[in-house]
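Trainee: sharing a sequence plus its predicted fold:
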Amino acid sequence: MGLITASGKKGVVASGHKETSNAAARILEEGGNAFDAVMAGMCAATVAEPMLVSLGGGGFLVAKPKTETPRVYDFFCQTPLEPRPEDEIDFYPFIADFGWTQQEFHIGMGAIAVPGVVAGLFAVHRDLGRLPIKEIVRPAVELAREGVRVNEFQAEVLHVLRPIYDATREAHQLYASPDDESALLKAGEIQKFAKLADTLEWLAEDGEVVFYRGDLAQQLVRDCAELGGQLTLKDLDSYRVERRRPVDFSYHGAQIAINSPPSLGGGLIAFALNLLENSRFRESTVDWGSETHLSDLLRAMHGANSIRREFSLDKGCTDQRMEEFLDPEVIARWRAIPVGQLFSRGTTHISVADREGDLASMTTSNGEGCGYVLPGTDIMLNNMLGEEDLNPQGFYNWKPGMRMASMMSPVVAHLPDGSYVALGSGGSNRIRSAVTQVLINLVDFQMSLSDAIQAPRMHLEKARLSMESGFSEEVVTALESVVDEVEPWGGQNLFFGGVHAVRWSPDRTLSGYGDARRSGHVAFA
């Protein structure tokens, strides 16, 4: 945590855990590039942040090789090709109490979507990696065998999501306290993943075929058939990483590349910033946190929420649909509405920059996990088919064989001063508001990474405006006149996302900042 700036270093990493950052920095130190490092960090995160990241989940990478344009690697989860009848699947709800809100999730074997993390690891390595794959996974292997001390954040997640870790004997054993097998791990205790270490070495030796067509695939498919899951060998064998062009647009002199359709987050952030293209933020008389700043920001947030409904984006976001809602006439229509008339989950991020100018921005998720642990691997599979945010048309109404949409929005931005920034956030629906606000802080208010990320945030959900403390009472009072409800928060909170960012400057100065809202950590090599 904290802003660090340095020259003459091999690279910089910002992530949600010290061990994740250190693993990626180690690969940079050993001669790897930013893409080697981000994949090493992802593998380490499956050990250090196992409630958020898993080889059984999915994610996205925005990659910017130093001499090339950015590209997106979509290795997110996919719906099964042949859904089973509802009465045959293992699929049930539980309520998670986060303190600030309660949320219903569905878990069980029937919640598993086709995982993409393993395929993503090998695809990125083949295209952009420099070091052997065995070197990439080694920090995670060692970490899994030596163990990781559970921090306060991880212990709290375990407490909130305990029904998942009590769902099966195997899940409970994986997260049981060494002092009391009936209890889950507590902060300060050590968690080891010996079987995961063996699995990573196996994958490095034999490749992703083990997971998608070999012994692990066979085991997963047998268990799905017997225990109420929906995956088949055809689902696993047909899975492919999608390489896409990012949503690429300019905003006040910055060139921004962000995750593209079928995911929603990138397009909605692009829409919000397009609404702000003629904002008054660039005027020297407009201060951060002023009524002008926050009322324009509120308009952009509401516009993004509404355009999602107006264009039925939850039914599917395509490049064509995105072009329609980014049409200048649509943007102009939303800009013309007076602000007073506007109203009547487990995810983590890693950003890496190396000295040569390669940048990697990667967001991954396992949902909350479904409770099923693939035998002999320590890998808990995802519950993406049980995520309400990812299934807005209903849990049984998804289209077979389709890449699932997501709010995950990794970004690489070329700023007006010539520097590049890689950033992203966890936080479900709050991802887009967190990323939008940090980009505005960097571009319009020319803040440092630390100031841009530390600044108080707000988030609009329907007509409720949630606001961290730090905004003036006068401005909050003004906003109360245009929204149904203003919900004040007592300080920073992980509800508002966790933006981890790195910056590369043309003089090869590197800096990074890890968001304290989600236990951020920065490491240099």
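Mentor: Done, it's in. Numbers count the residues shown, from 1 in each chain.
Trainee: now the helix ranked longest in the chain: buried residues?
Mentor: Once the chain is assigned using DSSP state H, the helix that runs over the most residues is helix 291-310. Residues of helix 291-310 classed as buried: 291-305, 307-308 (neighbour count, 16 or more other C-beta atoms under 10 Å). C-beta coordinates here come from the backbone N, C-alpha and C atoms, glycine included.
Trainee: so, low pLDDT: which residues of this structure?
Mentor: Low-confidence segments of the chain, defined by pLDDT under 70: 1-5, 7, 100-101, 282-284, 337-346.
Trainee: which residues does the residue nearest the centre of it bridge with?
Mentor: Nearest to the mean C-alpha position of the chain, by C-alpha atoms, centre = their mean, lies Thr363 at 3.5 Å. As for beta bridges, Thr363 partners with Phe60, His349 under DSSP bridges.
Trainee: just to revisit the earlier point, and the longest helix of the chain, what does it pack against?
Mentor: helix 265-275, helix 328-335, helix 430-443, strand 458-461, helix 473-480 (3 or more C-beta pairs under 8 Å, 6 or more residues apart in numbering; DSSP states H and E).
Trainee: counting neighbours, which bits of the helix or strand following that helix end up buried?
Mentor: For helix 291-310, the following helix or strand on the C-terminal side (DSSP states H and E) is helix 319-325. Neighbour counts over helix 319-325 (16+ other C-beta under 10 Å) mark 321-322, 325 as buried.
Trainee: can you name every helix or strand that helix 319-325 contacts?
Mentor: helix 265-275.
Trainee: now find how far off-centre the helix it packs on is within its chain.
Mentor: Between the centre of helix 265-275 and the centre of its chain there are 17 Å (C-alpha atoms, centre = their mean, to the nearest Å).
Trainee: re earlier: what's the closest of the helices and strands packed on helix 291-310 to Val13?
Mentor: helix 430-443 (17.6 Å; C-beta to C-beta).
Trainee: outside of the helix or strand just after the closest one itself, list whatever touches it.
Mentor: Next helix or strand after helix 430-443 toward the C-terminus (DSSP H and E): helix 449-454. Helix 449-454 is contacted by residues 2-3, 421, 438, 441-442, 445, 492, 499, 501-503, 511-513, 515-516 when judged by C-beta atoms under 8 Å, 6 or more residues apart in numbering.
Trainee: can you do 6 Å?
Mentor: Here helix 449-454 makes contact (C-beta atoms under 6 Å, 6 or more residues apart in numbering) with 3, 438, 441-442, 499, 501, 503, 511, 513, 515.
Trainee: any idea how far Glu68 is from Gln320?
Mentor: 26 Å (C-beta to C-beta, to the nearest Å).
Trainee: can you put the helices and strands packed on helix 291-310 in a markdown table and add mean neighbour count and distance to Val117?
Mentor: Converted to a markdown table, the helices and strands packed on helix 291-310 look like this (neighbours: other C-beta atoms under 10 Å; distance: least, C-beta to C-beta, whole Å):
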| stretch | mean neighbour count | distance to Val117 |
| --- | --- | --- |
| helix 265-275 | 27 | 19 |
| helix 328-335 | 14 | 36 |
| helix 430-443 | 26 | 18 |
| strand 458-461 | 20 | 28 |
| helix 473-480 | 13 | 40 |
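Trainee: can you report how many residues lie near Glu487?
Mentor: Using other C-beta atoms under 10 Å, Glu487 has 13 other residues around it.
Trainee: ok, Asn33 - contacts?
Mentor: 130, 354, 358.
Trainee: domains for this structure, by residue range?
Mentor: The record's domain parsing of the chain by automatic domain parsing lists 15-60+72-243+364-390, 246-347+408-524.
Trainee: ends of the longest one, how far apart?
Mentor: To tie it back to what came earlier, the one meant is domain 15-60+72-243+364-390. 24 Å (C-alpha to C-alpha, to the nearest Å).
Trainee: give me the distance between the residue lying closest to His252 once chain neighbours are set aside and Val411.
Mentor: Spatially, and ignoring its direct neighbours in sequence, His252 is nearest to Val443 (5.1 Å; C-beta to C-beta, 6 or more residues apart in numbering). Val443 sits 12 Å away from Val411, going by C-beta to C-beta.
Trainee: sorry, back to before: need the domains of the chain in CSV with distance to Lys9, can you?
Mentor: What follows is those, written out as CSV (distance: least, C-beta to C-beta, whole Å):
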stretch, distance to Lys9
domain 15-60+72-243+364-390, 8
domain 246-347+408-524, 5
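Trainee: among those, which is nearest Pro400?
Mentor: Checked against C-beta to C-beta, the stretch from the domains of the chain lying closest is domain 15-60+72-243+364-390, at 5.2 Å.
Trainee: name the element Val421 belongs to?
Mentor: Using DSSP H and E, the element containing Val421 is strand 420-426.
Trainee: off-centre distance for that strand?
Mentor: How far strand 420-426 lies from its chain's middle: 10 Å, per C-alpha atoms, centre = their mean.
Trainee: so what touches that strand?
Mentor: Identification of contacts with strand 420-426 by C-beta under 6 Å, 6+ apart yields 347-349, 351, 359, 361, 363, 410-414, 431, 434-435, 497-499, 501-504.
Trainee: same check, this time on stretch 209-222
Mentor: Here stretch 209-222 has contacts from 118, 203, 232-233, 236-237, 374, using C-beta under 6 Å, 6+ apart.
Trainee: among these, which two are most distant?
Mentor: Leu203 and Thr232 (21.2 Å).
Trainee: Ser54 against Ser365, yeah?
Mentor: No: here Ser54 does not reach Ser365: they are 8.8 Å apart, not a contact under C-beta atoms under 6 Å.
Trainee: quick one, strands of the stretch 151-300 of the chain?
Mentor: Using DSSP state E, counting those that start in this stretch, the strands found in the stretch 151-300 of the chain span residues 190-191, 242-244, 247-251, 254-258.
Trainee: returning to that earlier point: mind checking which of the contacts of Asn33 are in strands?
Mentor: Asp354 (DSSP state E).
Trainee: who wins on neighbours among the contacts of Asn33?
Mentor: Asp354 (29 neighbours).
Trainee: got a list of what it touches?
Mentor: Asp354 makes contact with 11, 33-34, according to C-beta under 6 Å, 6+ apart.
Trainee: kindly provide the distance from the residue nearest to His252 to Gln437.
Mentor: 11 Å.
Trainee: go through stretch 276-295 and flag the buried ones.
Mentor: Buried residues in stretch 276-295 (16+ other C-beta under 10 Å): 276, 279, 281, 286, 288, 290-295.
Trainee: got these as TSV, with distance to Pro93 columns?
Mentor: Below are these laid out as TSV (distance: C-beta to C-beta, whole Å):
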residue	distance to Pro93
Leu276	39
Ser279	42
Phe281	43
Val286	46
Trp288	42
Ser290	44
Glu291	42
Thr292	44
His293	40
Leu294	37
Ser295	39
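Trainee: pick out the most distant pair among those.
Mentor: Leu276 and Glu291 (15.3 Å).
Trainee: can you tell me the SS state at Ser511?
Mentor: Assigned with DSSP: H, G, I helix; E, B strand; the rest coil, Ser511 falls in the strand class.
Trainee: so what's it bridging to?
Mentor: Thr5, Arg503.
Trainee: wait, which of the contacts of stretch 209-222 is closest to Arg244?
Mentor: Val118 (19.3 Å).
Trainee: so how far is Asn33 from the closest one?
Mentor: On the measure of C-beta to C-beta, Val118 and Asn33 end up 21 Å apart.
Trainee: ok, back up a step: quick one, which of Leu203 and Thr232 is more surrounded?
Mentor: Leu203 (24 against 19).
Trainee: against Glu291, how distant is the more buried one?
Mentor: 54 Å.
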